[in-house]
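Student: here is the input, now give the coordinates:
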Amino acid sequence: MSATTAAIAPCSSHLPPSRNRPASRSILAFRPTLACRSHSSTCSPSSSSFVFGEKLIFAVRNQCFLGSPSISRPFSPVMEWQDCTVKMEIDVPISVAYKCYSQRESIPQWMPFISTVKVLDDKPDLSRWSLKYKAFGQDLEYSWLARNMQPILNQKIHWRSLEGLPNRGAVRFYPKSASSCLVELTVSYEVPQLLVPVASALKPFLENLLLRGLERFSRFAKSHQAS
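Tutor: Have a look, this model is predicted:
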């Protein structure tokens, strides 16, 4: 018996199909468990090659079987992202609206679901946010660290989260007249695992909250117009 034949003899169920069988079926007949270059049915951790018939298929270190049910990979679901955009015309000059929205620690005063915003003293482009809101029968609580990206004066404020609840967004300001402007708010977020079952209802729900936030922001900006 040749060395090659001896190497695969203990795994007779993995021998190549008969010469009489159609070649097109040879791969389908082969089960995922590959024969090891060894006289035993298991391999030592140092084994680094598998054979099928007389051909070397590939090298694998520290495992004998490829495709065995005992070897599993962690499941990594692709999380869903949603984008929400709302806009509203506000009766204050664009410079006033921009200045008011730049005051991040004041955002909880008009955004319904934001409970606190704390700008880091040593890194003013960073801020810690917390969200608390009761919705869909749940007491929702999330937090994140966000970085404000380079703003464009009187045009755009944008950010992205660095840790915690994944999200990013932007506020854009468009002049309508000398005393009014259009504020457009876009928020993108990864749907939290807890809310995946209601993901289809989450977007319109949040859009309504953001719109309410802009209505309150309009009143906030008007009250600070003279300051």
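Student: just name the shakiest helix or strand of this structure by mean pLDDT.
Tutor: Taking all helices and strands of the chain together, the one with the lowest average confidence (mean pLDDT, DSSP states H and E) is strand 55-56, at a mean of 33.
Student: just after that strand, pick out the following helix or strand.
Tutor: Counting by DSSP states H and E, the element after strand 55-56 in chain order, helix or strand, is strand 81-90.
Student: quick one: contacts for the nearest residue to residue 218 once chain neighbours are set aside?
Tutor: Of all residues beyond its chain neighbours, the one nearest residue 218 is residue 90 (4.6 Å), with distances taken as C-beta to C-beta, 6 or more residues apart in numbering. Using the backbone N, CA and C atoms, a C-beta is placed for each residue, glycine as well. Residues in contact with residue 90 (C-beta atoms under 8 Å, 6 or more residues apart in numbering) are 97, 180, 181, 182, 183, 214, 217, 218, 221, 222.
Student: so the second one is in contact with residue 92, correct?
Tutor: Yes - in this structure, residue 180 sits in contact with residue 92. The criterion is C-beta atoms under 8 Å, and the distance is 7.0 Å.
Student: between these two, which is the more surrounded one?
Tutor: With neighbours defined as other C-beta atoms under 10 Å, residue 180 and residue 92 compare such that residue 92 has more, 22 against 14.
Student: check contacts around that one.
Tutor: 100, 179, 180, 181, 218, 221, 222, 225.
Student: which SS state does the fifth one fall under?
Tutor: In this case it means residue 218. Classification of residue 218 by DSSP: H, G, I helix; E, B strand; the rest coil places it in helix.
Student: let's see the pLDDT reported for it.
Tutor: Taken from the predicted model, the pLDDT recorded for residue 218 is 97.
Student: with the fourth one instead?
Tutor: What the model reports as pLDDT for residue 181 is 98.
Student: that one belongs to a strand?
Tutor: Yes - when classified by three-state DSSP, residue 181 is found to be part of a strand.
Student: show me what contacts it?
Tutor: By C-beta under 8 Å, 6+ apart, residue 181 lies in contact with 89, 90, 92, 93, 94, 97, 173, 174, 175.
Student: return the distance of residue 207 relative to residue 85.
Tutor: When distances are taken as C-beta to C-beta, to the nearest Å, residue 207 and residue 85 turn out to be 8 Å apart.
Student: same deal with residue 183?
Tutor: On the measure of C-beta to C-beta, residue 183 and residue 85 end up 11 Å apart.
Student: what's the answer for residue 140, then?
Tutor: Spatial separation of residue 140 from residue 85 under the definition C-beta to C-beta is 21 Å.
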